[in-house]
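Engineer: sequence first, then the predicted structure:
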Protein chains: 2
Amino acid sequence: MAKPTMEDVARRAGVSRALVSLVMQESGKVSSRSRDAVLAAAQALGYRPNLSARHLASKNTRTLGAVINDLHNPFFAGVVDGVKAAADQFGYRLLLNSAFLDDGDEQAALESFIDFNVDGVVLMGARVKASVIEEIARSIPVAVASRPMRSSAVDTINNDDRLGARLVVDHLVALGHRHIAHIDGGSGAGSTQRRNGYAATMRRHGLEPHVASAVFTEASGANAAARLLAEDRPVTAVFAGNDMSALGSLDTFAAAGKRVPEDISLVGYDNTFVAALRHIGLTTVDQHRDEIGRMAVEMLVERVEGGRTEARRVVTTPSLIVRGTTAPPRR
Amino acid sequence: MAKPTMEDVARRAGVSRALVSLVMQESGKVSSRSRDAVLAAAQALGYRPNLSARHLASKNTRTLGAVINDLHNPFFAGVVDGVKAAADQFGYRLLLNSAFLDDGDEQAALESFIDFNVDGVVLMGARVKASVIEEIARSIPVAVASRPMRSSAVDTINNDDRLGARLVVDHLVALGHRHIAHIDGGSGAGSTQRRNGYAATMRRHGLEPHVASAVFTEASGANAAARLLAEDRPVTAVFAGNDMSALGSLDTFAAAGKRVPEDISLVGYDNTFVAALRHIGLTTVDQHRDEIGRMAVEMLVERVEGGRTEARRVVTTPSLIVRGTTAPPRR
DNA sequence: AATCGGTGTTGGAGCGCTCCAATCATTGGA
DNA sequence: TCCAATGATTGGAGCGCTCCAACACCGATT
């Protein structure tokens, strides 16, 4: 039994194919008599419109693509929740994809969405080069979440990462720390802003920045923490660029016999569910992930339906969540 | 600047549209001269084939859909890694989707994939009703991972959850526990098997099963643990149906002043990265998530390309990972 | 009775591609 | 030298849908 087409439905309902099309689009200008007949026929045949055909024939697809930078980072799941909710609300279908091993995946995912003719894409924490994103944005609306960009072609929605970093450093300094190291996120989303915010605030306090590089994963965080411990330079507190690398650091410290926060204070970023676990109790920075996802979609819809063309740049305010991994340094 | 079509490329390269099509499909029967000309023209115009058109015209799409049951559960990220790797290897494009608030989302995601004409879908930990899956399987190959099914129309790849549960109970009994409660996963994937395996093993040891229900999330696990504590019935060990609910329980126990494992032992299931954190050190059951994802895709490809029609049922063997949350009961 | 707007409905063109049968070009063997 | 065989290329039909201009029908208006 081959899949029924619109033609089959039309024949069974005794109407034209064009009418069936109107019914499927929920057009108002169809008599309720024929609409019922069409729906009954469709139901009886198990008819479902073929999206490829629909997308080919019409200009827009009412579909949005979303690219997740790292499926393993629980932070993004929260952003996706917001994206999904907003997409539902505006009546858009949602397609997801993720970057996996390398950055090429991210670009491939992006291009794949274009080839599918989606109406817009939201990028979450993209690592891919800005030029690639701008190129894509030339042919389709793009909203970039959690990755600051200075492009006039792309909408962005970001947490104020500089401020977040400042809150962290101020908190640690207030506790009495002077030897505060930072584990950054390499080319990861927001990494630069957090690192800059960290460095600027350190200098404002008359302290020397001390950075170990990583890539926002647990493993790289563990690694960077080990390097910090191996150095001569004293460290009484570590500000990890995100929760995942903070968790990696936590493991390294424990393995090295360093107690947190007695021997060393630790702060993360993102306030993922793991940070909130009582056994972890990680001091961290909260961003409104749900809100970020939601706004990204709103901006896309503004472009698609409202025809906006100038870029919007939204910044949300982070807040410090103090838990048990920070304390005054031992004297 | 409208998007260039195949026609445009053909004209510029001085060949027919059909030839361009052949080049795009990487057909062998094209002279290298014309292939170069076509590729150069495509490059110059920035041509990208329109997938909607391609999918409409051809029978298969070389695209697989994957539905993730819970984006917040890190277990699935691991399964997706395997799915992605296998899809790449076999030359299939991958589209993701997730269930969000309710089960309706899951079904919607599934139907959406069908409407996109994907060649097959893999379901990861689906909660949706079996009848829905079977209905879908009538029109398209479906592989169900981490959710046992007795259907002859669907391929399944599962961890032996009964065995996993047995390993857990045997371990706890060997430690000396007799009051072992189970927090189940409701209608979640594998929940029934784990619960049954738990109950059967308990009885084999002459012990009475003791089940509190939850739904495989942190919050519901916390809740179930609280109910267990509130009951009169003694509990010296808890086997949570997955790591997420184990983490929730861990929090509840800590909040109630119960030390783990001194006052109460705790075991999870899935061996997510959180369980492995030194500060958590959760005893849990490992499944080969990567392998599960990979096999699911392999089974799909067997159907799509090999024309297999009878169902395959693969079972992987779980192993117990003993960490710090289990110890002999206090006497 | 003739005309006018609606409202519903319809055929047909066309979206960008694939696939098939037919055609053209080239080569090797008798 | 001619013919068959092989290889490269092409036009055309058609995938299932949307969208538009045209049309049929009806009660309301003059």
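Structural biologist: Received the coordinates, thanks. Predicted model only: the values in this text are computed from it and were never measured. Numbering: from 1, shown residues only, chains lettered A, B, ... in the order given.
Engineer: could you pull up phi and psi at the residue nearest to the spatial centre of chain A?
Structural biologist: Geometric centre of chain A, nearest residue: residue A:124, 2.9 Å, by CA atoms, centre = their mean. When read as degrees, to the nearest 10, the backbone of residue A:124 gives phi -110, psi 110.
Engineer: test my guess that it contacts residue A:82.
Structural biologist: No - if you go by CB atoms under 8 Å, residue A:124 and residue A:82 don't touch, sitting 10.0 Å apart. From N, CA and C alone the C-beta is placed, and that goes for glycine too.
Engineer: sorry, back to before: ok, now which ones touch the residue nearest to the centre of chain A?
Structural biologist: A:66-69, A:76, A:79-80, A:83, A:145-146, A:189, A:293, A:296 (CB atoms under 8 Å, 6 or more residues apart in numbering or on different chains).
Engineer: near chain B, list only the ones from those.
Structural biologist: Near chain B, judged by CB under 8 Å from any CB of the partner chain, the entries from those are residue A:80.
Engineer: any idea which of the contacts of residue A:124 the model trusts least?
Structural biologist: By pLDDT, residue A:189 ranks lowest within the contacts of residue A:124, coming in at 86.
Engineer: element containing that one?
Structural biologist: Assigned by DSSP states H and E, residue A:189 belongs to neither a helix nor a strand.
Engineer: cool, and residue A:181?
Structural biologist: strand A:180-183.
Engineer: isn't residue A:15 right next to residue A:37, touching?
Structural biologist: Yes - between residue A:15 and residue A:37 there is a contact under CB under 8 Å: 6.7 Å.
Engineer: where does the prediction get shaky in chain A?
Structural biologist: A:1, A:101 (pLDDT under 70).
Engineer: flag every residue of chain A that's near DNA strand D.
Structural biologist: With CB under 7 Å from any atom of the strand as the criterion, chain A meets DNA strand D at residues A:2-3, A:5-7, A:17-18, A:21, A:24-25, A:47, A:49-50, A:53-54, A:56-59.
Engineer: what subset of those residues is buried?
Structural biologist: Neighbour counting by 16 or more other CB atoms under 10 Å in any protein chain shown classes A:5-6, A:21, A:24, A:47, A:49-50, A:53-54, A:56 among those as buried.
Engineer: would you point out the most distant pair within these?
Structural biologist: A:47 and A:56 (18.2 Å; CB to CB).
Engineer: just to revisit the earlier point, which of the contacts of residue A:124 fall in helices?
Structural biologist: A:76, A:79-80, A:83, A:293, A:296 (DSSP state H).
Engineer: from those, pick the one nearest residue A:243.
Structural biologist: residue A:76 (11.7 Å).
Engineer: report the beta-bridge partner residues of the spatially closest residue to the closest one that is not a sequence neighbour.
Structural biologist: Among residues not flanking residue A:76 along the chain, residue A:68 sits closest, at 4.9 Å (CB to CB, 6 or more residues apart in numbering or on different chains). Note on residue A:68: beta-bridge partners by DSSP bridges are residue A:98, residue A:124.
Engineer: which residues sit in contact with residue A:68?
Structural biologist: A:76, A:80, A:96-99, A:124-125 are the contacts of residue A:68 under CB under 8 Å, 6+ apart.
Engineer: in PyMOL, select just the buried ones from those residues.
Structural biologist: Buried residues among the contacts of residue A:68 (16+ other CB under 10 Å), as a PyMOL selection:
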select buried, chain A and resi 76+80+96+97+98+99+124+125
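Engineer: out of the contacts of residue A:68, the closest to DNA strand D would be?
Structural biologist: Nearest to DNA strand D out of those is residue A:96 (CB to the nearest atom of the strand; 23.8 Å).
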